[in-house]
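> Everything below, folded, please.
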Amino acid sequence: MDRLPNLPRIEFRTVLISVATFAVMMLIIGYVLFQARFIIVGPIIIVTSDLPIKQNERTVTLTGTAQNITHLWLNERPIFTDEAGNFKEALVLENGYTVATLKAKDRFGRETLVEQVFVFTPKSFSKQ
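Numbers count the residues shown, from 1 in each chain. Model prediction:
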């Protein structure tokens, strides 16, 4: 019977170093991807105020959170967030139909829009 050809011997230490290097590289790549998730996702707007469409009051207050943004607008008017990304902004409703448009932009120029519709009917009209 033929013997196996002489294969080069790989030392255990070499294998151990190679596996450890691979594991460290995979951890670094995983960490970078984990931290890059905010860049990958883009701007996010979450409106937390649960307001009905039909309103009898002239003003409504929109509250929510904006993440991964550099600019935030409500109907083309800049609004601001606190350190945690929370915003609270009053909106004066016109008679009839009003659309509240929240627009956010991130540092790469990507934009996102959230629209909320309101119908304002003054109390004097809603009782008839």
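
> Pairing partners for K105 in the sheet, please.
H71, E111 (DSSP bridges).

> so what pLDDT did it get?
If you check K105, the pLDDT there is 95.

> again with D2
In this prediction, D2 carries a pLDDT score of 61.

> Distance from the chain centre to the longest helix seen in the chain, please.
When the chain is parsed with DSSP state H, its longest helix is helix 12-35. Centroid separation for helix 12-35 versus its chain: 30 Å, with C-alpha atoms, centre = their mean, to the nearest Å.

> Can you name the element that comes right after it?
Downstream of helix 12-35, the first helix or strand assigned by DSSP states H and E is helix 37-41.

> what's the following helix or strand after that next one?
Using DSSP H and E, the helix or strand that directly follows helix 37-41 along the chain is strand 44-47.

> A66: how many residues sit nearby?
Counted with other C-beta atoms under 10 Å, the neighbours of A66 add up to 22. Every residue, glycine included, has its C-beta placed from N, CA and C.

> if we can go back for a sec, could you give the mean pLDDT of the longest helix of the chain?
Here the average pLDDT along helix 12-35 is 94.

> same question, stretch 70-85
What stretch 70-85 shows for mean pLDDT is 95.

> Roughly how far does the residue nearest to the spatial centre of the chain sit from A84?
Nearest to the mean C-alpha position of the chain, by C-alpha atoms, centre = their mean, lies I44 at 2.7 Å. I44 sits at a distance of 13 Å from A84 (criterion: C-beta to C-beta, to the nearest Å).

> hey, what's in contact with both of the two?
T65 (C-beta atoms under 8 Å, 6 or more residues apart in numbering).

> if we can go back for a sec, and the residue nearest to the centre of the chain, what's its pLDDT?
94.

> I39 too?
The model's pLDDT for I39 equals 79.

> Against Q67, how distant is I46?
Distance from I46 to Q67, by C-beta to C-beta: 8 Å.

> Show me which of these two is the more surrounded one.
Between I46 and Q67, Q67 has the larger neighbour count (other C-beta under 10 Å), namely 16 against 13.

> Help me confirm that the more buried one comes into contact with I39.
No. At 11.8 Å, Q67 does not count as touching I39 under the criterion of C-beta atoms under 8 Å.
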